[in-house]
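Chemist: I'll drop the sequence and a predicted model, then ask my questions.
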Amino acid sequence: MIKKQFKNQQASTLFLASLAAIAASQVIQPNGSNVMDFSQGLLLGMGLVGMMMTLVTLGKSKKRSE
């Protein structure tokens, strides 16, 4: 039971961190700067990968609980 709660806590933390990265990437104004474009793309990519990992993690935990 405690192990399941810990996994759910990890998944929710990963989800919130991914959401924060996506939000930060949308706030950045690139203004034609290559560094800002790179930073925006990097944050968006990290956020999307984190969201996918969250879905995979939650899917695995639900599959095991059935």
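Modeler: It's in.

Chemist: how much space between Arg64 and Leu14?
Modeler: To Leu14, Arg64 is 18 Å away according to C-beta to C-beta, to the nearest Å. Every C-beta, even on glycine, is put in place using the N, C-alpha and C of the backbone.

Chemist: more neighbours, the two?
Modeler: Summary of the neighbour comparison: Arg64 and Leu14, criterion other C-beta atoms under 10 Å, with Leu14 having more neighbours (16 against 9).

Chemist: Find the helix or strand that the residue nearest the centre of the chain is a member of.
Modeler: Geometric centre of the chain, nearest residue: Ser18, 2.4 Å, by C-alpha atoms, centre = their mean. Using DSSP states H and E, the element containing Ser18 is helix 2-27.

Chemist: in that helix, what's buried?
Modeler: For helix 2-27, the buried set under the neighbour-count rule, 16 or more other C-beta atoms under 10 Å, comprises Ala11, Leu14, Phe15, Ser18, Ala21, Ile22, Ser25.

Chemist: returning to what we had before: wait, what's in contact with the residue nearest to the centre of the chain?
Modeler: Met46, Gly47, Leu48, Val49, Gly50, Met51, Met53, Thr54 (C-beta atoms under 8 Å, 6 or more residues apart in numbering).
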